[in-house]
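Trainee: just need the structure, nothing else, for what follows:
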Amino acid sequence: MFGSLDESGALSPFVVRLEVREGKIRRAEMLLIADDEADVFVNGEPVAVYRSSNLAWGHRGSAAVIDLTPHLLPGKRNCVAAKVRD
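Mentor: Purely as a prediction, here's the structure:
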């Protein structure tokens, strides 16, 4: 996913639209890498919240694996979005 800086210097949402084949989804994961904060949405519904301030070692920036499997709709066009703040 790619985003761009808006006029204030904040990142605009990262968005990917994808077709998911009909049938059972075995596994769908997203690797999120962010400095400070991110909210992840699938089809407009919030599915994950990331805050680096909540990390045990109190350090900025990290990666998180987010399981999208239960949120995707088989046989449909899906939208995965991440709103990232620095």
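Trainee: state the mean pLDDT of stretch 51-58.
Mentor: The average of the pLDDT scores along stretch 51-58 is 65.
Trainee: three-state assignment of the residue of the chain positioned farthest from its centre?
Mentor: Distance to the chain centre peaks in the chain at G23, reaching 23.1 Å (criterion: CA atoms, centre = their mean). Put simply, G23 is coil when judged by DSSP: H, G, I helix; E, B strand; the rest coil.
Trainee: what does the one 10 residues further on give?
Mentor: When states are read from three-state DSSP, the local structure at I33 comes out as strand.
Trainee: now the residue nearest to it when sequence neighbours are not counted: how far from L32?
Mentor: Sequence neighbours aside, A63 is the residue nearest to I33 in space, at 4.7 Å (criterion: CB to CB, 6 or more residues apart in numbering). The C-beta positions use only the backbone N, C-alpha and C, and glycine is treated the same way. To L32, A63 is 7 Å away according to CB to CB, to the nearest Å.
Trainee: ok, these two, which is more surrounded?
Mentor: Between A63 and L32, L32 has the larger neighbour count (other CB atoms under 10 Å), namely 18 against 9.
Trainee: if we can go back for a sec, and the spatially closest residue to the residue farthest from the centre of the chain that is not a sequence neighbour, helix, strand or coil?
Mentor: Using CB to CB, 6+ apart and skipping residues adjacent in sequence, the residue nearest G23 is P74, 5.8 Å away. At P74 the chain is in coil, as set by three-state DSSP.
Trainee: surely P74 meets R26?
Mentor: No. When contacts are counted by CB atoms under 8 Å, P74 is not listed as touching R26 (11.0 Å).
Trainee: starting at the chain centroid, how far to stretch 24-38?
Mentor: 5 Å (CA atoms, centre = their mean, to the nearest Å).
Trainee: mean confidence for that stretch?
Mentor: 88.
Trainee: dump that stretch to PDB, keeping only the CA atoms.
Mentor: In PDB, the C-alpha atoms belonging to stretch 24-38 read as follows (Å, rounded to 0.1, in the frame of the first residue of the first chain):
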ATOM      1  CA  LYS A  24     -12.900 -20.400   2.000                       C
ATOM      2  CA  ILE A  25     -10.000 -18.000   2.800                       C
ATOM      3  CA  ARG A  26      -7.200 -20.000   4.400                       C
ATOM      4  CA  ARG A  27      -5.200 -17.000   5.600                       C
ATOM      5  CA  ALA A  28      -4.900 -13.300   4.800                       C
ATOM      6  CA  GLU A  29      -2.400 -11.200   6.700                       C
ATOM      7  CA  MET A  30      -1.200  -7.600   6.600                       C
ATOM      8  CA  LEU A  31       2.300  -6.600   7.800                       C
ATOM      9  CA  LEU A  32       1.900  -3.100   9.200                       C
ATOM     10  CA  ILE A  33       5.100  -1.000   9.800                       C
ATOM     11  CA  ALA A  34       4.500   2.400  11.400                       C
ATOM     12  CA  ASP A  35       6.300   4.900  13.600                       C
ATOM     13  CA  ASP A  36       3.600   6.200  15.900                       C
ATOM     14  CA  GLU A  37      -0.100   5.300  15.200                       C
ATOM     15  CA  ALA A  38      -2.300   3.400  12.700                       C
END
